[in-house]
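>>> Need a 3D model of the following:
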Amino acid sequence: MKKQSATVKIASWSAAHPWRAIVGWFVFVALCLGASAAVGTNSATTEDYRVGKAGQAEALATEGGLERRPVEQIVIDSPSGPLDLAVARSAAAEVTTRMGKLPEVDRVEKPVVSKNGKVLLVQVVMKGEELAARKSVDPLVAQTAEVQKSHPEVRVEETGGPSMSKGLDKQRGDDLLFSEMLTLPVTIITLMIAFASVIAAGVPVLLAMSSIAAAMGLSALASHVLPDAGVGNNIILLIGMAVGVDYSLFYLKRDREERARAGGKLGSQAIVQLAAETAGRAIVVSGLAVIVSTATLYLAADVIFSSLATGTILVVLVAMASSLTVLPALLAKLGARSEHRAARRAEKGKPNRDHGGTSKVWQTVLRPATQHPVITLVVSTLVMLGLAAPALGLNLSVLGKDTFSRDIPAVQTYDRLMSAFPEKLVQHQVVVRADTAREPQVAQALADLRKRAQADPLFAKDADAPVLTSDDGLISSLTLSVPFKPSSSQALDSLDHIRDDYLPATVGKVAGTEAYVTGDIARDVDYLDHQNSKLPLIVGFLLLVTFLVTVAAFRSVVIGLLGVVLNLLSAAAAFGLLVVVFQGSWAQDALDFNATGAVGSRVPLFLFVILFGLSMDYQVFVVSRIREAALRGVDTRTAVLEGIGSSAGVVTSAAVVMVTVFSSFIFLNLVEMKQMGFSLAVAVLLDAFIVRIMILPSALTLLGKASWWPSRSMHRALTQPAGPAEPVVPELRQTQETGRF
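This is a model prediction of the structure:
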């Protein structure tokens, strides 16, 4: 008897003890959620985001107590007509009194009237760390609301980093709920069409949702090792629903095929074991491919990419575990029902569904690739390259406040504030460290820098920017304002002027100084530089591990190289469409986003890594079926027809589910999530219907036996007569007779 693999042993135990496996799984999910509730989530702090020279500036400023503090702005204006300054000042006085009593507040600045006299601004400086302030901003918002009640003649509203972050968090939660409400019905309908059974459709959804819940719990625990950047749950839902349903779908399909082949001669436990030998192995290989490829994101040394990687890896691991443990138990319990339904269909003279093989429809679809492989390969490749061409114009940018949803009240208030006080749009903070003996020289140099900047049209002319110095006199700071939008070229140029011209000409001439520039623009620029510096390492490692995993799975160097090329083609085409849709403004109304002429800086790298992992799903499942046919000794063309034809229906269903899940993110408010969802959706469509149906079979047909080089087992199989198409393992017949595994 052939030695059983670990996946078969686990499935066998699960099928033999279904209730233990089912109860054990849901206990595991409950424990994950309970543990996360007990320990909570460790959110990333400002320090975790520090990168490059801007990060060095922030570290110095923090050391000297001169770091950027969380600030809330209370905007007092008139919703209609001129502003009554007397009433506005009365409201500002009440704001100052109320805010000054809050333990979350460090100080309240004096009210400032805008140049046009239409807005009165009160700035409230909060205590604590910049990013953490969103957790303690509620009392400030409540006091602002009370002031509004007592001064109905004016409009009193609050904005600022903490309140906008709070609004984004709420919107992100609402988006997750919306995504679930959109994807669940479509997923269930798709699965019902694929399996013609409500129960069979419900099983993948149940396992996917429970896997997502468990992964969210585990991610909270993992955040105490790798801080959470606030995107973990989004990605867990995005990837978890897709792979969770896919893994269950492929296992269910194989279970039905094996049940049909057995023709009632094997029991449910034996059928589950047969399915585990093929689908179980494919799930493990596919899952490991996604995990290994996603792990390359850790090489970016970035808290956001680490959060994305952790969420993806956890949900894929949990989805694999559910498919290999509790799914066989559920299939064993549902086996009797399937057998009863099959018997009833047989009594009525109806053919049994899911018998495997290649339908006439898929024979027709695959005919161009297998009968005219050269033409099919050339045309389909040219189509993909044409779609990829716009990616050459890819422009990356860190998406900031310009892209926030204007449905958030704090963002609406921010827009009015920036209209009245344009000098607050962008601020650069120059931080200098020097010996205390050089403090007068540093102060003079910073004053000279301020004078040069204010003579530059890129900077605010009337900004009263004092030079601040730490208590020990070691660190000094100067803040310069720029009256242009953060996404504008003027804002970027202003940073270059400081770093390349003014800083070297002033502070740079003081011996023994250490000087850097930070601020939103500096952070973004340094973040892009940091990311680009890591890109060759990540991409190179990703290509290598993808190749090695494929070679290990199929014992073929050719299949490994082909997989890498096809994955690159899918990713490039997705990037091209991403540029066409999101870098221009023609689609912004239809997709509800503010076009900035750029794609989110994190989107391409994340997509590149995830698409490689997800493409391996189809690569593993489709090529596994082709390899099974080839191992029986049939020629490559026939193996392609059998392998793709027998898996095409379920791959199509899986693609529909994935596209539905990813497409739902296009309707979310966060622009980066829109871009990720769009790219993943189009990539899966192209991968499932062009790459795997046209390019892959064409290439394999042309390569013939060379496709499997240097696999010895495949060489032996192809030099022997072809075996039966639907073997039933003899030892399982014996197992059924004895009733034991």
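>>> gap between stretch 4-13 and the chain center?
32 Å (CA atoms, centre = their mean, to the nearest Å).
>>> List the buried residues of that stretch.
When neighbours are counted by 16 or more other CB atoms under 10 Å, the buried residues of stretch 4-13 are found to be 4, 7-8, 10-13. C-beta coordinates here come from the backbone N, C-alpha and C atoms, glycine included.
>>> Cross these against helices and list the overlap.
7-8, 10-13 (DSSP state H).
>>> Domain-wise, how is this protein divided?
Annotated domains of the chain cover 1-40+196-356, 71-127+137-165, 409-525 [automatic domain parsing].
>>> how about the helices in the stretch 151-300 of the chain?
Listed in chain order, the helices found in the stretch 151-300 of the chain under DSSP state H, counting those that start in this stretch are 161-195, 198-222, 232-262, 268-275, 281-295.
>>> Mean pLDDT, mean neighbour count and distance to Ser306 added to those, as JSON lines?
Formatted as JSON lines, these follow (pLDDT from 0 to 100; neighbours: other CB atoms under 10 Å; distance: least, CB to CB, whole Å):
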{"stretch": "helix 161-195", "mean pLDDT": "83", "mean neighbour count": "18", "distance to Ser306": "18"}
{"stretch": "helix 198-222", "mean pLDDT": "90", "mean neighbour count": "22", "distance to Ser306": "10"}
{"stretch": "helix 232-262", "mean pLDDT": "84", "mean neighbour count": "26", "distance to Ser306": "10"}
{"stretch": "helix 268-275", "mean pLDDT": "83", "mean neighbour count": "26", "distance to Ser306": "36"}
{"stretch": "helix 281-295", "mean pLDDT": "88", "mean neighbour count": "23", "distance to Ser306": "10"}
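>>> would a markdown table of these with distance to Leu544 be doable?
Shown next, in a markdown table, are the helices of the stretch 151-300 of the chain (distance: least, CB to CB, whole Å):
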| stretch | distance to Leu544 |
| --- | --- |
| helix 161-195 | 34 |
| helix 198-222 | 26 |
| helix 232-262 | 22 |
| helix 268-275 | 32 |
| helix 281-295 | 10 |
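>>> ok, so what distance separates the closest residue to Gln531 other than its chain neighbours from Arg523?
Once flanking residues are discounted, Gln531 sits nearest to Ser601: 6.2 Å by CB to CB, 6 or more residues apart in numbering. Using CB to CB, to the nearest Å, we find Ser601 at a distance of 11 Å from Arg523.
>>> Overlap of the contact sets of the two?
Shared contacts of Ser601 and Arg523 (CB atoms under 8 Å, 6 or more residues apart in numbering): Val398.
>>> Arg172 versus Asn233, what's the distance?
Taking CB to CB, one finds Asn233 at 8 Å from Arg172.
>>> oh sorry, the question was meant for Pro152
Distance, Pro152 to Arg172, by CB to CB: 32 Å.
>>> same deal with Leu366?
From Leu366 to Arg172 the distance is 43 Å (CB to CB).
>>> again, but for Ala587
As judged by CB to CB, Ala587 and Arg172 stand 22 Å apart.
>>> Test my guess that Asp407 contacts Leu168.
No - using CB atoms under 8 Å, Asp407 is not in contact with Leu168, being 10.9 Å away.
>>> which stretch among the helices of the stretch 151-300 of the chain comes nearest Ala511?
Nearest to Ala511 among these is helix 161-195; the distance by CB to CB comes to 36.9 Å.
>>> chain center to that closest one: distance?
With CA atoms, centre = their mean, you get 14 Å for helix 161-195.
>>> by contact count, what packs against it?
Packing contacts for helix 161-195, counted by 3 or more CB pairs under 8 Å, 6 or more residues apart in numbering; DSSP states H and E, involve strand 71-77, helix 138-150, helix 198-222, helix 232-262, helix 409-420, helix 636-664.
>>> switch to 7 Å and redo it
strand 71-77, helix 198-222, helix 232-262, helix 409-420, helix 636-664 (3 or more CB pairs under 7 Å, 6 or more residues apart in numbering; DSSP states H and E).
>>> Ala38: neighbour count?
Using other CB atoms under 10 Å, Ala38 is surrounded by 9 other residues.
>>> Thr45 now?
Other residues close to Thr45 by other CB under 10 Å number 14.
>>> before we move on, what about Val361?
Neighbours of Val361 (other CB under 10 Å): 11.
>>> What ranges does the chain have for its strands?
Assigned by DSSP state E, the chain shows strands spanning 71-77, 105-108, 112-113, 119-126, 155-160, 396-397, 426-433, 467-469, 475-482, 514-519, 599-600.
>>> how about low-confidence regions in the stretch 501-650 of the chain?
Within the stretch 501-650 of the chain, no range satisfies pLDDT under 70.
>>> Phi and psi next, for the residue nearest to Gln531.
Phi and psi for Ser601, reported as degrees, to the nearest 10, are phi -60, psi -30.
>>> how about it, what does it touch?
Ser601 makes contacts with 396-398, 527-528, 531, as judged by CB atoms under 7 Å, 6 or more residues apart in numbering.
>>> Just the buried ones from those?
Buried by 16+ other CB under 10 Å: 396-398, 527-528, 531, out of the contacts of Ser601.
>>> Take the residues you listed and lay them out in TSV including distance to Ala86.
Listed next are those as TSV, based on distance: CB to CB, whole Å:
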residue	distance to Ala86
Leu396	49
Ser397	44
Val398	43
Tyr527	46
Leu528	48
Gln531	52
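>>> No more questions from me, cheers.
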